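Peer 1: any chance you could fold what I've pasted below:
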Amino acid sequence: MKKVLKHSLIALTSASIAALASCGGDNDGPTPGPAETSRRAVLVYQVANNNLGSSQYDIMDIREMLTAARSGDIPSDCRLLVYNDGPVGRGTVSDPVLMEITAQGADTLLTYERSDLSVTTARMNRVFDDFERIAPADDRGLVLWSHGTGWLQDGIADTPDRRRSFGYEPGGKMMNITTLASVLRERDFGFVYFDCCYMASVETLYELRDCTPRFVASVTELPVEGMPYDKNVREFFADGEPDLVQAAANTFQSYNALSGQSRTCTMSVIDAAAIDEVARAVRAIYAKAPSSFPDGCNPQRYTVTSAASCYYFDLRDYLTSLCAGIDGGDLLMADFDAAMTRCILYTAATPMLWNSMPLTACSGLSTYILRNAESITRKNYNTLSWYTDVASALIITQ
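Peer 2: Numbers count the residues shown, from 1 in each chain. Sure, this is the predicted structure:
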């Protein structure tokens with residue numbers, strides 16, 4: 001999830017808050033009909049009914065989008081929409097809204113009741129349907145904005161099970177990655193940018209590999225401010241393909257230029273078409289490794305917690321430890337590196353994580369490490385396609 005730090009907040013006036021909800025309920029009168037097909041439409045899906053929203057980080061990001069719009073960063077043949085689900089009772093905003101960002105302001109298009117949480121398939125599908133109907137486009141992009149925990153499978157699913165990976169709403173409700181995959185697989189997004197933490201895990205992206213051609217994500221926590229929308233909106237609407245590498249670089253550079261605890265960020269851009277190649281290379285290593293956790297194995301952690309309680313390690317650093325005990329390990333690593341060269345289009349990391357732990361290795365993807373039989377089912381890891389197809393080849397010796 002995005003880590004909460006003490007930063008000055010930009011306070012909105014009551015009039016500004018009201019402007020974000022300028023229309024009535026979704027059953028009050030006709031809803032917007034389809035418009036002329038645009039070149040590209042981008043939806044920012046903000047699940048902010050949590051501490052991020054109560055601190056108004058979602059509103060600050062909307063203001064950055066408005067700054068970009070007023071600077072001409074949304075071309076006339078493109079559209080930027082935001083689904084915002086903020087805290088209940090914040091100012092005059094009490095229900096989730098779908099709005100459009102233009103140079104003239106934030107125009108609320110629809111209001112939604114709170115009968116469905118934003119991390120349910122019903123609400124997400126409904127918003128996606130409305131987005132596609134209201135803003136038809138030749139190309140669509142999606143930004144998922146909230147807390148994130150990558151592959152962890154203990155938030156809500158389509159059943160009453162508690163599984164999680166994306167979003168956070170009251171009562172600890174989150175959407176697990178397998179559920180998110182089932183929603184996105186039915187859509188046609190040209191990219192997914194995760195403006196949340198921990199989503200550049202190989203387990204997460206393997207689950208989502210057939211959902212979109214490109215991902216932007218982080219292997220670590222991100223500061224609560226997230227991406228600089230005033231810089232990145234123009235990259236989403238670049239001529240030709242969206243410039244996701246520049247968008248990721250803008251986010252990274254905005255934090256790398258800071259100092260102390262604020263200088264913390266990792267960013268990756270992933271080509272989904274090459275994730276299967278990475279999976280095959282990793283399975284080949286796992287199948288020959290004599291142990292899932294050899295003596296002396298100490299791969300790069302992506303949390304400041306202890307290694308025993310960490311769920312995110314650098315994938316390449318871990319495989320290097322495994323290959324050290326395998327005959328022909330150098331060739332296996334060469335195959336893996338070749339696959340990663342095709343898969344990772346951009347990766348960058350600040351020297352330290354929260355100014356407390358060195359980031360000496362950053363391949364662009366994280367992974368969980370299976371150490372014993374218990375770890376296989378921890379957070380429902382064994383429900384993931386990555387476990388079935390790849391990690392199950394490991395020999396668990398502890």
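Peer 1: so A200 touches S366, yeah?
Peer 2: Yes. With contacts counted by C-beta atoms under 8 Å, A200 reaches S366, the gap being 6.2 Å. From N, CA and C alone the C-beta is placed, and that goes for glycine too.
Peer 1: which of those two has more neighbours?
Peer 2: Comparing A200 with S366 by neighbour count (other C-beta atoms under 10 Å), the higher total belongs to S366, at 35 against 31.
Peer 1: what's across from the more buried one in the sheet?
Peer 2: Per DSSP bridges, the residues bridged to S366 are S201, D314.
Peer 1: check it and give its pLDDT.
Peer 2: pLDDT recorded at S366 is 98.
Peer 1: quick check: neighbours shared by A200 and S366?
Peer 2: Common contacts of A200 and S366, defined by C-beta atoms under 8 Å, 6 or more residues apart in numbering, comprise G150, V219.
Peer 1: who's in contact with S146?
Peer 2: With C-beta under 8 Å, 6+ apart, S146 has these contacts: Q46, V47, A48, N50, L52, F166, G167, Y168, D195, C196.
Peer 1: where is pLDDT lowest across these?
Peer 2: Y168 (65).
Peer 1: now the residue lying farthest from the centre of the chain: closest residue in space, sequence neighbours ignored.
Peer 2: Going by C-alpha atoms, centre = their mean, the residue of the chain most distant from its centre is D327, 37.2 Å out. Once flanking residues are discounted, D327 sits nearest to K288: 8.0 Å by C-beta to C-beta, 6 or more residues apart in numbering.
Peer 1: and Y311, by the same measure?
Peer 2: Nearest non-adjacent residue to Y311 (C-beta to C-beta, 6+ apart): Y368, at 5.3 Å.
Peer 1: quick one: contacts for the one you found?
Peer 2: Per C-beta under 8 Å, 6+ apart, neighbours of Y368: W151, S201, E203, Y311, Y312, F313, S375, Y381, A391.
Peer 1: cool, and V219?
Peer 2: Taking C-beta under 8 Å, 6+ apart, one finds Y198, A200, S201, T266, S268, Y302, Y312, D314, C362, G364, L365, S366 in contact with V219.
Peer 1: rerun at 10 Å
Peer 2: 150, 197-202, 266-268, 300, 302, 312-315, 347, 349, 353, 359, 362-367 (C-beta atoms under 10 Å, 6 or more residues apart in numbering).
Peer 1: what kind of secondary structure is it in?
Peer 2: When classified by DSSP: H, G, I helix; E, B strand; the rest coil, V219 comes out as coil.
Peer 1: phi first, then psi, for it.
Peer 2: The phi and psi values for V219, taken as degrees, to the nearest 10, are phi -80, psi -10.
Peer 1: can you check F131 too?
Peer 2: phi -60, psi -50.
Peer 1: can you get me a residue count around it?
Peer 2: 24.
Peer 1: Y229 now?
Peer 2: Using other C-beta under 10 Å, Y229 has 30 neighbouring residues.
Peer 1: do V216 as well
Peer 2: Counted with other C-beta under 10 Å, V216 comes out at 27.
Peer 1: show me the contacts for it.
Peer 2: 141, 143, 191-195, 199-200, 227, 232, 242, 244-245, 247-248, 251, 267-270, 345-346.
Peer 1: kindly recompute the last result at 6 Å.
Peer 2: Y193, L244, A248, V269 (C-beta atoms under 6 Å, 6 or more residues apart in numbering).
Peer 1: likewise L80?
Peer 2: V42, I74, I101.
Peer 1: list just the nearest of those residues to F128.
Peer 2: Using C-beta to C-beta, V42 comes nearest to F128 of the contacts of L80, at 12.7 Å.
Peer 1: and the spatially most central residue of the chain, helix, strand or coil?
Peer 2: Taking C-alpha atoms, centre = their mean, the centroid of the chain lies closest to F194, which sits 2.3 Å from it. Here F194 is strand, with the state taken from three-state DSSP.
Peer 1: tell me the pLDDT at the nearest residue to it once chain neighbours are set aside?
Peer 2: Leaving aside its sequence neighbours, F194 sits nearest to A217 (C-beta to C-beta, 6+ apart; 4.2 Å). At A217, the pLDDT value in this model is 98.
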